[in-house]
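> Quick one, fold the following:
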Amino acid sequence: MKKILAFLLVGSLFIGSQTATAQALGSDYQTAVGFKFYPTAISVKHFIKSDAALEGLLYIWGDGIRVTGLYEYHGNFDNVEGLRWYIGGGAHIGFWNDEWRRSYPGRKKGVNIGVDGVLGLDYKIKGAPINISLDWQPSVSFIGYNYWESGWGGLGIRFAF
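Next comes the predicted model:
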């Protein structure tokens, strides 16, 4: 009986891994993990519906860290397999380090909280587990150091599975 259960378990894992591999090599994906450049962030994107995804970003740079969560609505382009446009919004929380506060002495608060928007293109390379995105992510911080940031976003490269 134990051998049969072990065989069924191994068989189920094999079939599941083949399904995940086939999905990652097609023109769609469910989850992708990688990096977004400018500023550099660790990026995780997961589709919760066929046209909606959640993206989490962890930015780490010399002045501190920032965590951003985005809800993105995705739409297809006709006749271009694997290419989608997306638009959405979310929020962020950032923490400035002591070096930043020394560089900007009038700004004593070390935390900032705000809202973000996102507009971009998302492409899943058919036949490879690679997802590429290019987007613009404006944001405004309204708690802590208040400011408008229009230069965030950039190129994302992720491993899709």
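
> Residue ranges in this protein under the pLDDT threshold?
1-25, 106-108 (pLDDT under 70).

> What segments of it are helices?
Secondary structure of the chain, counting by DSSP state H: helices at 2-25, 98-103.

> tally of neighbours for the residue nearest to residue 136 when sequence neighbours are not counted?
Distances taken as C-beta to C-beta, 6 or more residues apart in numbering place residue 153 nearest to residue 136, at 4.2 Å, with adjacent residues excluded. (Glycine included, C-beta is placed from N, CA and C.) Summarising burial for residue 153: neighbours were counted as other C-beta atoms under 10 Å, giving 23.

> is it true that residue 153 touches residue 121?
No - with the criterion set as C-beta atoms under 8 Å, residue 153 and residue 121 do not qualify as a contacting pair; they are 11.1 Å apart.

> anything in contact with each of these two?
Between them, residue 153 and residue 121 share these contacting residues under C-beta atoms under 8 Å, 6 or more residues apart in numbering: 134, 135.

> For residue 86, list each beta-bridge partner.
Note on residue 86: beta-bridge partners residue 74, residue 120, judged by DSSP bridges.

> and it, what does it touch?
Residue 86 makes contact with 53, 72, 73, 74, 75, 118, 119, 120, 121, 122, 135 under the criterion C-beta under 8 Å, 6+ apart.

> How many residues are close by residue 62?
Each residue near residue 62 was counted by other C-beta under 10 Å, and the total is 9.

> Run a quick neighbour tally on the closest residue to it other than its chain neighbours.
The spatial neighbour of residue 62 that comes closest, neighbours along the chain excluded (C-beta to C-beta, 6+ apart), is residue 99 at 6.8 Å. Around residue 99 there are 10 other residues, counting by other C-beta under 10 Å.

> Pretty sure residue 99 sits against residue 110.
No - with the criterion set as C-beta under 8 Å, residue 99 and residue 110 do not qualify as a contacting pair; they are 11.0 Å apart.

> so who does the residue nearest to residue 136 touch?
Counting by C-beta under 8 Å, 6+ apart, the residues that residue 153 touches are 36, 38, 118, 120, 134, 135, 136, 137, 138.

> how about a cut-off of 6 Å?
For residue 153, the contact set (C-beta atoms under 6 Å, 6 or more residues apart in numbering) comprises 135, 136, 137.
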